[in-house]
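S.K.: below is the structure, and that's it, no one-letter string:
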């Protein structure tokens, strides 16, 4: 099977079996989505969704969070991984939005990456979820699944994976492809023991077929 055939088969399977797919993070506007994505780094979406309702209620806008303190924010997110760092980043993020972007979440990769706590993956998530722009955020699930299936050739880092996926997946599929891969990695193609017996991608999977 050529790489082109593998990509076509995998995308076709996902499109038929998961036509509607979206982030599992709960949010009601781009600002709250950005908070949730920052909190989700090395933390489960389930845990983030347990914390954010109260946080969103207390901090409805960047303006309110910008005049708060990391210590105050910490109290709402202390059950999240790395709460000290993330509370500082959230306040810094809110101040940046207020001071440089008129209290709005910007819609370009370069602008997003200038915000405290926002790396390339987070910026790309914002582009596809908040702004419906073609991008490919690569987290540990996307990185692992892409290499395991054979969509990438043993990529050494997320940026290599991102580059190869963007090169081989049509722009119209990119945002959904991110969700397809992340959910597949979360529930089926798990790190320690992939559930190959439940997987519909086995005919196209390099790990399963050995070729």
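M.R.: Arrived safely, thanks for sending. Quantities reported herein were computed from a predicted structural model and do not represent experimental measurements.
S.K.: could you look up the SS state of the most centrally placed residue in the chain?
M.R.: Nearest to the geometric centre of the chain sits residue 125, at 4.8 Å (Cα atoms, centre = their mean). Secondary structure for residue 125, judged by DSSP: H, G, I helix; E, B strand; the rest coil, is helix.
S.K.: surely it and residue 133 touch.
M.R.: No: counting by Cβ atoms under 8 Å, residue 125 does not reach residue 133; the two are 11.0 Å apart. Just so you know, the C-beta spots here come from the backbone N, C-alpha and C atoms, and that holds for glycine as well.
S.K.: could you report the neighbour count for residue 52?
M.R.: Neighbours of residue 52 under the rule other Cβ atoms under 10 Å: 24.
S.K.: give the contact list for it.
M.R.: Residue 52 is in contact with 25-27, 32, 35-36, 39, counting by Cβ atoms under 8 Å, 6 or more residues apart in numbering.
S.K.: nearest to residue 98 among those residues?
M.R.: residue 35 (14.3 Å; Cβ to Cβ).
S.K.: what's the spacing between residue 110 and residue 123?
M.R.: Here residue 110 is placed at a distance of 9 Å from residue 123 (Cβ to Cβ, to the nearest Å).
S.K.: who has more neighbours out of those two?
M.R.: Remark: of residue 110 and residue 123, residue 123 carries more neighbours, 22 against 8, as counted by other Cβ under 10 Å.
S.K.: neighbours around the nearest residue to that one once chain neighbours are set aside, how many?
M.R.: Excluding its sequence neighbours, the residue lying closest to residue 123 (Cβ to Cβ, 6 or more residues apart in numbering) is residue 112, at 3.7 Å. Close neighbours of residue 112, defined as other Cβ under 10 Å, add up to 23.
S.K.: which residues touch whichever strand or helix holds residue 112?
M.R.: When elements are assigned from DSSP states H and E, residue 112 belongs to helix 109-113. Residues from elsewhere that reach helix 109-113 (Cβ under 8 Å, 6+ apart): 101, 105-106, 118-120, 122-124, 126-127, 135.
S.K.: what's the ChimeraX syntax to select whichever of the residues you listed are buried?
M.R.: Remark: buried members of the contacts of helix 109-113, expressed as a ChimeraX selection using 16 or more other Cβ atoms under 10 Å:
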select :101,105,106,118,120,122,123,124,126,127,135
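S.K.: closest one to residue 67 out of the contacts of helix 109-113, please.
M.R.: Distance to residue 67, by Cβ to Cβ, is smallest for residue 101 among these, at 16.5 Å.
S.K.: what residues are up against that closest one?
M.R.: Neighbours of residue 101 in contact, by Cβ under 8 Å, 6+ apart: residue 111.
S.K.: and the residue nearest to residue 119 when sequence neighbours are not counted, how many neighbours?
M.R.: Leaving aside its sequence neighbours, residue 119 sits nearest to residue 113 (Cβ to Cβ, 6+ apart; 7.0 Å). With neighbours defined by other Cβ under 10 Å, the count for residue 113 comes to 14.
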